[in-house]
Structures are given as structure tokens and as C-alpha cells.
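In: Got a predicted structure plus its sequence, pasted below:
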Amino acid sequence: MNSVAGVLAGVALAHLRVRARQTLVATLGVAIGVGFFLAVSGMMVGSQKDFIKTLVDSAPHIIVRDEQRKPVRQPALDAFPNAAVAIHGLRPQEEVRGLKDWPAMLADARAIPGALAAPSLSGAVTIAYAGRTAAVALNGVDPRLEGRLAKIGETLVGGALTDLEARPDGIIISRPLAERLGARLGDTLVVTASSGTLQRMRILALIEPDAQAGFYAGDTVAYGLLRTAQVLFSRPDIVNQLHIRLARSDDAKAQAERLESRWGYKWESWQERSADILNLLVVRNIIMYAVILAILVVASFGIYTAVSNSVADKRRDIAILRAMGFTAGDIQAIFLMEGLLVGVLGALVGFAVGTGLLQILASLPLTMGGKPLVLPLDRSLPQYLLAGGASLAAALIAAWLPARKAARVDPVDILRGAT
């Protein structure tokens with residue numbers, strides 16, 4: 001069996017050597033297709049992985065809010081299940097917000113191996129300075145824990161998140177917001193809660209928008225000490241959010257569903273918060289691979305042309321091989337091997353071309369916001385395997401049609417015509 005395969009491969013190589021120029025053109029076509037496949041997919045997949053990593057690392061993996069996914073079932077529905085009167089949307093006049101039994105919920109979240117969890121109290125406030133006002137959402141946090149849950153510290157200038165522990169009257173706002181107010185680091189702002197409670201708070205640090213840092217909450221978000229926020233909102237010992245970071249970010253959805261079924265509040269994983277973005281990335285990948293696969297399909301036409309011409313030129317040789325005892329399957333295998341050999345050689349050359357293109361992209365002198373920017377590129381083995389597999393599949397499909405035609409050649413008709 002091996003000797004037959006060797007003979008068939010030898011015949012295929014002989015055909016390719018005879019038409020060396022056409023073989024070279026077909027090989028270069030596949031190589032260019034594979035090279036651009038690696039360059040485009042490496043750049044797109046690399047940027048996607050970097051974006052998702054930034055998305056995951058910049059915020060807690062799970063956020064628990066004092067919300068319910070479904071309204072609380074009314075007792076009247078259980079007391080009178082077959083009553084003629086239906087109750088919809090009944091709510092108390094003054095809803096008491098906040099997470100009930102939050103210490104137990106916090107302990108349950110921390111029981112997950114490798115998990116970090118911290119409480120938070122968020123509410124709307126108005127800050128005023130020099131006659132200018134702005135509405136922001138003040139997040140009261142535990143500075144030491146919150147700094148480990150989200151990359152806030154990497155974007156701060158002029159101070160650190162832990163400075164809030166030394167200055168309970170401190171506040172951290174974004175630099176663009178401070179500029180709109182005309183305030184600077186160390187200035188005192190007048191902060192007013194929706195309940196009317198007023199407190200003077202000093203700017204301890206500014207949040208600098210930085211795309212490379214991977215975290216920016218926005219101009220309408222400010223940070224303060226948790227107990228300070230509880231006093232400002234007149235809600236002692238109350239929190240309305242829990243922030244959780246897991247050892248494995250991929251476990252966030254499953255853990256959120258498990259804990260939500262136990263506690264009833266809305267446990268929102270990063271996958272749920274970013275569902276729209278993740279769906280857009282799927283569409284983006286479909287478009288990307290459709291385009292680069294189209295490049296390989298175009299390159300495979302060179303293989304189709306080369307094998308078709310080989311079949312046309314070798315019709316008499318095919319008849320002789322059939323007369324010597326080669327089957328139709330053997331003839332088809334010869335021309336399939338021709339396409340496969342061109343595909344393999346083109347893929348190997350394409351790997352070198354793609355690696356070179358990726359190296360050029362990595363060394364491009366790019367800047368963003370005055371800072372050097374390095375393109376995130378994916379040079380992992382799966383990208384090479386995908387490019388090589390796609391090129392071989394395209395080569396086999398391109399060679400199959402002329403190989404099938406060669407297998408149908410009638411040796412008797414050709415030999416009679418030759419005589």
C-alpha cells in the first residue's frame with residue numbers, strides 16, 4: 001500500500017516539475033493568501049482578546065444590585081389562587097432600597113475559592129464649586145478592597161484610592177469634570193445628596209481618562225469612603241451593591257446564576273453586562289473570516305488552473321497509466337496530490353510571509369494620546385493551524401474537480417485517437 005502511494009506521489013511531483021512556472025505561481029498565490037490570513041486574523045483576534053481582557057479586568061466580574069429581575073409575588077395571589085381579581089404591579093408607597101442580609105451575601109460570595117468581594121453604596125449627588133454644579137453618581141467604597149476589584153488606581157493622578165481612609169471627607173472625580181467645574185486637586189466641593197444632606201468634600205485625586213489603562217468610569221462617577229456615603233445618604237449600615245471578582249472570570253455567569261437563585265437579587269455577571277458587545281464581536285469575526293477565506297478561495301483558483309492544465313496535457317499519459325493497471329481512483333489521487341502538494345508548500349511559505357507581516361505590524365511606530373501604542377497581535381498556534389487547514393481545504397477542493405475529470409478519462413478512446 002505504501003509503495004503504491006509512493007508511486008502516485010512520484011508521478012504527481014513529476015507533473016509539478018514539468019510545469020514549474022505554473023506551479024510556482026500557484027504556490028505564491030496560496031502563500032500570499034495564507035500570509036494575509038495570518039496578518040489580518042492575528043490583528044483582529046489580538047485586538048479582540050485585548051479588548052475582552054480590558055473589559056473583564058476593568059470592572060468587577062459580578063455586580064449585585066438591590067433590584068429584582070421579577071416583581072415580588074403578591075401574597076393575595078397565594079391566598080386566593082382562583083380569585084376573579086388580578087393584581088399587577090402593586091408596589092409599596094415608599095420602597096426601602098438596599099440589600100437585605102448583605103453581610104451574609106458578602107460572606108457567601110467570599111466563600112468561592114479565590115474570590116474577592118466588597119460592599120458599596122451608590123447614589124445621586126450634586127456637586128458645586130465656584131457657582132458651577134454637576135450631577136454625579138457617588139460610589140461609597142472600601143478603598144483597599146475596591147482597588148483590587150477594578151483598575152481604578154491605574155488611572156488616578158495626584159493621589160491614591162487609599163487616601164480616602166486618611167481623609168473621610170475626600171472625594172475622587174474625573175479630570176474632565178474637574179475642568180468643567182474649574183476645580184483643581186485639593187479644592188473643596190459642596191456635595192448635596194437627593195435627601196438634602198450637604199457635606200463639604202475635598203478632591204484627593206483625579207481620574208485620568210486613559211484607553212491603555214483599561215478603566216474609566218466616566219465623567220459622571222465619583223468615589224468616596226463607604227461610611228461617608230452612608231452618612232451623606234442618611235443610610236447607616238446600608239449598602240446597595242456588592243462587587244465581586246473571581247479567580248476565573250469565565251465562571252462569572254455560572255456563579256452569578258447560582259447565587260441569584262439563592263438570594264433573589266440581581267447578580268449581574270460581566271458576560272450579561274457586555275452581552276451586546278460580545279454579540280457584535282461574533283458578527284465582526286464572521287465578517288473577518290468570510291473576507292480572509294475569500295482571499296484563500298481566490299488563491300485556490302491558481303491550483304485549479306494548474307491541475308486542470310496538467311490534466312489536459314497529460315491525457316495520453318493518463319491513458320497509458322490506465323492501460324498499465326492504474327485504477328480511476330489512482331488517477332484521481334495523483335491529481336489530488338498535486339493540489340495538496342501545492343497547498344502544503346504554499347502554506348509553509350505563507351507561514352513565513354504571515355510571520356513577517358505580523359512582525360512589521362508589531363514594530364509600527366503608533367501613538368494614542370501622545371503615548372506609544374503597541375498593536376495587540378495574536379501569534380498563537382491555533383491561528384497558524386486555522387490558516388494552514390483552510391489553505392489545504394481550499395487546495396483539495398480546487399484540485400478535486402479536475403482530478404475527478406481525469407479519473408473519467410477513457411483510455412481506449414485516447415489510445416485509438418493517438419493511433
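Out: Nice, thanks for sending it over. Numbering: from 1, shown residues only.

In: Please enumerate the helices of the stretch 201-350 of the chain.
Out: Using DSSP state H, counting those that start in this stretch, the helices of the stretch 201-350 of the chain run over 226-232, 252-263, 270-273, 275-313, 315-323, 328-362.

In: Using CSV, lay out the ones you listed together with mean pLDDT, mean neighbour count and distance to residue 41.
Out: Just so you know, the C-beta spots here come from the backbone N, C-alpha and C atoms, and that holds for glycine as well. Converted to CSV, these look like this (pLDDT from 0 to 100; neighbours: other Cβ atoms under 10 Å; distance: least, Cβ to Cβ, whole Å):
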stretch, mean pLDDT, mean neighbour count, distance to residue 41
helix 226-232, 92, 20, 46
helix 252-263, 91, 17, 27
helix 270-273, 90, 19, 24
helix 275-313, 82, 16, 6
helix 315-323, 69, 17, 39
helix 328-362, 86, 21, 9
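
In: Reformat these as a markdown table; add distance to residue 26.
Out: Shown next, in a markdown table, are the helices of the stretch 201-350 of the chain (distance: least, Cβ to Cβ, whole Å):
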| stretch | distance to residue 26 |
| --- | --- |
| helix 226-232 | 68 |
| helix 252-263 | 47 |
| helix 270-273 | 45 |
| helix 275-313 | 4 |
| helix 315-323 | 20 |
| helix 328-362 | 5 |
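
In: do you know which of those helices lies nearest residue 181?
Out: Among those, the nearest to residue 181 by Cβ to Cβ is helix 226-232 (18.5 Å).

In: So which elements touch that closest one?
Out: Helices and strands touching helix 226-232, as assessed by 3 or more Cβ pairs under 8 Å, 6 or more residues apart in numbering; DSSP states H and E, comprise strand 116-129, strand 132-141, strand 198-207.

In: and of the helices of the stretch 201-350 of the chain, who's closest to residue 161?
Out: helix 226-232 (12.1 Å).

In: Can I get that closest one in CSV, CA atoms only?
Out: Taking only C-alpha atoms (Å, rounded to 0.1, in the frame of the first residue of the first chain), the coordinates of helix 226-232 have been written out as CSV:
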residue,chain,number,x,y,z
LEU,A,226,-18.3,54.0,52.2
ARG,A,227,-19.1,55.3,55.7
THR,A,228,-19.0,58.8,54.4
ALA,A,229,-21.6,57.9,51.7
GLN,A,230,-23.8,56.2,54.3
VAL,A,231,-23.8,59.4,56.4
LEU,A,232,-24.4,61.6,53.3
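
In: Residue 101: neighbour count?
Out: 11 (other Cβ atoms under 10 Å).

In: phi, psi of it?
Out: phi 60, psi 40 (degrees, to the nearest 10).

In: Tell me who's in contact with it.
Out: residue 263 (Cβ atoms under 8 Å, 6 or more residues apart in numbering).

In: same check, this time on residue 69
Out: Residues in contact with residue 69 (Cβ under 8 Å, 6+ apart) are 260, 266.

In: Kindly recompute the last result at 6 Å.
Out: Contact analysis of residue 69 by Cβ atoms under 6 Å, 6 or more residues apart in numbering lists residue 266.

In: Checking it next. Helix, strand or coil?
Out: coil (DSSP: H, G, I helix; E, B strand; the rest coil).

In: Please tell me how far it sits from residue 243.
Out: 19 Å (Cβ to Cβ, to the nearest Å).

In: Including mean neighbour count and distance to residue 354, could the helices and strands packed on helix 226-232 go into JSON lines?
Out: Shown next, in JSON lines, are the helices and strands packed on helix 226-232 (neighbours: other Cβ atoms under 10 Å; distance: least, Cβ to Cβ, whole Å):
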{"stretch": "strand 116-129", "mean neighbour count": "20", "distance to residue 354": "40"}
{"stretch": "strand 132-141", "mean neighbour count": "19", "distance to residue 354": "46"}
{"stretch": "strand 198-207", "mean neighbour count": "19", "distance to residue 354": "40"}
